[in-house]
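1. Make a model of this:
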Amino acid sequence: MNLAELQNNLIGEWTGNNLLRLSWLTPSDFHSRSRVTISPVVRDKFLTINYTWSHEDTPHEGLIFLGYHNHQRIVTAAWADSWHMSGKLMSCKGTIDEAGTIDVRGFYEAPPDPDWGWRIQITSTEGQILQITMYNCPPEGAEELAVQADYHRAS
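-> Numbers count the residues shown, from 1 in each chain. Predicted coordinates for the structure are as follows:
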């Protein structure tokens, strides 16, 4: 998939639901409404994915700044979120498949332990359904679902 096709599938306003999973708590699942605006920037060479959600009635927001190099098929991203991050940007790198699924991975510090991974997957089905899924990736062991946000185009 090239950048123009990707933009056609993603650009616009989206609304839906956000699931935050905190596996160490009971109950572990927290649900909220969520909105996303995806816009082209820097002469249409990049996308910004701005989203809102809430946790325990406190509003939060996040941003994914996404770049895609058509010839090398490399996706790069910078991610920030008002709840998940402590003022640092997470740098991510990954791929996009033929169907347009974006899959990037970054790392965050967890002193005194080794760094943990964080994987973000963005999927659009025929430009009408959008899913943003995030996984926490411990240094040893299987990745765990952290966020699943399901959207449809806003009317």
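2. What number of residues are in the vicinity of residue 115?
-> Applying other C-beta atoms under 10 Å, we find 13 residues neighbouring residue 115. Glycine gets a C-beta too; all of them are placed from N, C-alpha and C.
3. Show me the strands in this structure, by range?
-> For the chain, the strands defined by DSSP state E occupy 12-21, 29-41, 46-55, 58-69, 74-81, 90-96, 102-110, 113-125, 129-137, 144-153.
4. Identify whichever of those strands lies nearest to residue 1.
-> strand 90-96 (6.0 Å; C-beta to C-beta).
5. The closest residue to residue 128 other than its chain neighbours pairs with what?
-> Leaving aside its sequence neighbours, residue 128 sits nearest to residue 153 (C-beta to C-beta, 6 or more residues apart in numbering; 5.9 Å). Taking DSSP bridges, one obtains residue 14 as the residues bridged to residue 153.
6. and if you look at residue 145?
-> residue 135.
7. pLDDT score assigned to it?
-> pLDDT for residue 145: 97.
8. Hmm, residue 53 is touching residue 149, no?
-> Yes - if you go by C-beta atoms under 8 Å, residue 53 and residue 149 touch, sitting 7.2 Å apart.
9. between these two, which one's more packed in?
-> residue 53 (26 against 23).
10. dump the residue contacts of the more buried one.
-> Listed by C-beta atoms under 8 Å, 6 or more residues apart in numbering, the contact set of residue 53 reads 18, 20, 32-34, 59-62, 149.
11. could these go into TSV alongside distance to residue 87?
-> Formatted as TSV, those follow (distance: C-beta to C-beta, whole Å):
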residue	distance to residue 87
18	22
20	20
32	23
33	26
34	22
59	18
60	14
61	14
62	13
149	22
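12. For the buried ones among these, write the corresponding ChimeraX selection.
-> Only the buried entries of the contacts of residue 53 go into this ChimeraX selection, using 16 or more other C-beta atoms under 10 Å:
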select :18,20,32,34,60,62,149
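13. got the contacts of residue 53 as JSON lines, with pLDDT and distance to residue 141 columns?
-> Below are these laid out as JSON lines (pLDDT from 0 to 100; distance: C-beta to C-beta, whole Å):
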{"residue": "18", "pLDDT": "98", "distance to residue 141": "25"}
{"residue": "20", "pLDDT": "96", "distance to residue 141": "20"}
{"residue": "32", "pLDDT": "97", "distance to residue 141": "28"}
{"residue": "33", "pLDDT": "98", "distance to residue 141": "32"}
{"residue": "34", "pLDDT": "98", "distance to residue 141": "28"}
{"residue": "59", "pLDDT": "97", "distance to residue 141": "32"}
{"residue": "60", "pLDDT": "96", "distance to residue 141": "27"}
{"residue": "61", "pLDDT": "97", "distance to residue 141": "30"}
{"residue": "62", "pLDDT": "97", "distance to residue 141": "25"}
{"residue": "149", "pLDDT": "98", "distance to residue 141": "24"}
